[in-house]
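# fold the following for me, if possible:
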Amino acid sequence: MFRDRQLRTTRWTADLRRSVTLFQAFRKEQTEPAVFYQALATDSADQLAHYVDLDGLTMLDVGGGPGYFRNAFQDRGSRYFSLDADVGELSGLGEIASGTVIGSGMQLPFADGSVDLCYSSNVLEHVSDPWRMAEEMVRVTKPGGITFISYTVWYGPWGGHETAPWHFLGGSRARRRYRRKHGHEPKNKYGESLFPVTVKAGLDWAQRQTDAEVLDVLPRYNPRFAYWLTRVPVVRELATWNLVIVLQRR
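Numbering: from 1, shown residues only. Modelled structure (predicted):
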């Protein structure tokens with residue numbers, strides 16, 4: 001099932017056109033979330049196919065929310081399961097779909113080595129112990145299977161989510177400013193459901209964990225010619241919107 005890395009497909013290309021398309025869709029993330037998340041779901045399936053044949057594998061989407069990614073992976077032949085801790089998020093598109101589990105990403109209710117692919121998109125920054133969640137994702141992945149972790153970088157332009165760019169002055173300050181301006185709390189509450197996760201923290205965790213081989217660490221939305229940014233301290237924190245860590249379970 002798992003391809004040799006020499007045999008990757010060429011369908012997915014991290015070129016400038018792809019980056020522009022995703023950023024254009026991202027501009028509608030708040031007003032028309034389906035536009036952005038469906039575009040991201042399609043891109044994610046294409047990107048994962050760069051590492052593994054999705055047809056016939058069992059995958060778990062940790063923090064899958066209302067299910068924007070479900071069709072993209074099922075259309076590729078994957079047996080799709082989703083986990084989320086927020087029932088409201090799960091029902092965002094209507095009835096909660098079958099194959100959905102309510103639980104914590106920091107304590108996945110799945111046995112060791114139970115899925116071929118464990119995937120998470122823009123979730124790690126929303127849990128209080130992100131690297132425990134990362135370790136849990138590796139744990140439930142079968143030997144030879146793929147763990148794909150993607151998270152929003154705190155010091156990137158969107159690190160504060162809807163409170164950006166004021167998060168650069170501090171998460172608590174940005175949260176208070178948002179509350180004063182809008183008369184209510186932001187959806188993503190700094191210190192409760194939003195936490196600062198950096199590129200350096202991801203690189204450090206990838207290096208110290210021993211249960212999986214690191215296949216790639218790259219900026220998710222950047223074109224390939226900008227991948228070198230992840231090697232430059234400080235700059236990588238500001239120029240990377242989202243970091244991807246791809247691992248293969250030993």
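# please identify the helix or strand for residue 19.
helix 16-26 (DSSP states H and E).
# show me what counts as buried in that helix.
Residues of helix 16-26 classed as buried by neighbour count (16 or more other CB atoms under 10 Å): 18, 19, 22, 25, 26. Quick note: C-beta positions are derived from backbone N, CA and C, even for glycine.
# then the helix ranked longest in the chain to PDB, C-alphas only?
The longest helix of the chain (DSSP state H) is helix 33-48. Extracted C-alpha coordinates of helix 33-48, given in PDB (Å, rounded to 0.1, in the frame of the first residue of the first chain):
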ATOM      1  CA  PRO A  33     -15.700  28.800   5.200                       C
ATOM      2  CA  ALA A  34     -16.800  26.100   2.800                       C
ATOM      3  CA  VAL A  35     -15.000  27.800  -0.100                       C
ATOM      4  CA  PHE A  36     -11.600  27.800   1.700                       C
ATOM      5  CA  TYR A  37     -12.000  24.400   3.500                       C
ATOM      6  CA  GLN A  38     -13.100  22.500   0.400                       C
ATOM      7  CA  ALA A  39     -10.200  24.000  -1.600                       C
ATOM      8  CA  LEU A  40      -7.900  23.000   1.200                       C
ATOM      9  CA  ALA A  41      -9.400  19.500   1.400                       C
ATOM     10  CA  THR A  42      -8.800  18.900  -2.200                       C
ATOM     11  CA  ASP A  43      -5.200  20.200  -2.000                       C
ATOM     12  CA  SER A  44      -4.600  18.000   1.100                       C
ATOM     13  CA  ALA A  45      -5.700  14.900  -0.600                       C
ATOM     14  CA  ASP A  46      -3.500  15.700  -3.600                       C
ATOM     15  CA  GLN A  47      -0.600  16.400  -1.200                       C
ATOM     16  CA  LEU A  48      -1.100  13.200   0.800                       C
END
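# against which helices or strands is it packed?
Packing partners of helix 33-48 (3 or more CB pairs under 8 Å, 6 or more residues apart in numbering; DSSP states H and E): helix 16-26, helix 70-74, strand 115-121.
# after it comes which helix or strand?
Downstream of helix 33-48 (by DSSP H and E), the next one is strand 58-62.
# and that next one, C-alpha only, in PDB?
Extracted C-alpha coordinates of strand 58-62, given in PDB (Å, rounded to 0.1, in the frame of the first residue of the first chain):
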ATOM      1  CA  THR A  58      -8.000   3.600   6.700                       C
ATOM      2  CA  MET A  59      -7.500   7.200   7.800                       C
ATOM      3  CA  LEU A  60      -8.300   9.200  10.900                       C
ATOM      4  CA  ASP A  61      -8.800  13.000  10.700                       C
ATOM      5  CA  VAL A  62      -8.000  14.400  14.100                       C
END
